[in-house]
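Peer 1: this one's structure only:
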């Protein structure tokens with residue numbers, strides 16, 4: 001076997017090892033990101049809020065309560081929305 005063919009074989013093995021290493025690195029990073037996404041809660045609106053917003057009458061009451069709050073600084077009308 002000539003020296004040139006040994007270098008080609010070695011380069012091929014190094015190339016394969018590099019590809020495998022990068023694939024494992026990609027898998028590790030992907031799993032880390034997915035685990036991070038699963039453990040992070042990003043709910044902005046509660047289930048009760050979604051329920052209120054899906055009902056047109058309650059949505060109007062909520063808008064009135066927010067307007068009342070902006071005028072008076074009091075959330076007293078908010079009880080009328082969910083009750």
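Peer 2: Nice, I can see it. Keep in mind that this is a model prediction, so the values were computed, not measured.
Peer 1: Name the helix or strand for the residue positioned nearest the centre of the chain, please.
Peer 2: Nearest to the mean C-alpha position of the chain, by C-alpha atoms, centre = their mean, lies residue 37 at 5.2 Å. Per DSSP states H and E, residue 37 falls inside helix 3-39.
Peer 1: Now do that helix, average pLDDT.
Peer 2: Averaging pLDDT along helix 3-39 yields 88.
Peer 1: what's the following helix or strand after that helix?
Peer 2: With DSSP H and E, the next secondary element past helix 3-39 is helix 47-54.
Peer 1: Which strands or helices does the helix or strand just after that next one pack on?
Peer 2: Once helix 47-54 ends, the next helix or strand along the chain (criterion: DSSP H and E) is helix 56-72. Using 3 or more C-beta pairs under 8 Å, 6 or more residues apart in numbering; DSSP states H and E, the elements in contact with helix 56-72 are helix 47-54, helix 78-82. Backbone N, C-alpha and C define where each C-beta goes, glycine included.
Peer 1: buried sites along helix 56-72?
Peer 2: 61, 62, 65, 68 (16 or more other C-beta atoms under 10 Å).
Peer 1: quick one: the residue nearest to the centre of the chain from residue 44, how far?
Peer 2: Relative to residue 44, residue 37 is positioned 16 Å away (C-beta to C-beta, to the nearest Å).
Peer 1: do the same with residue 19
Peer 2: Distance from residue 19 to residue 44, by C-beta to C-beta: 41 Å.
Peer 1: which of these two has more neighbours?
Peer 2: For residue 19 and residue 44, the more surrounded residue by other C-beta atoms under 10 Å is residue 19, and the numbers stand at 10 against 5.
Peer 1: Let me see the domain layout of the chain.
Peer 2: 1-42, 44-83 (automatic domain parsing).
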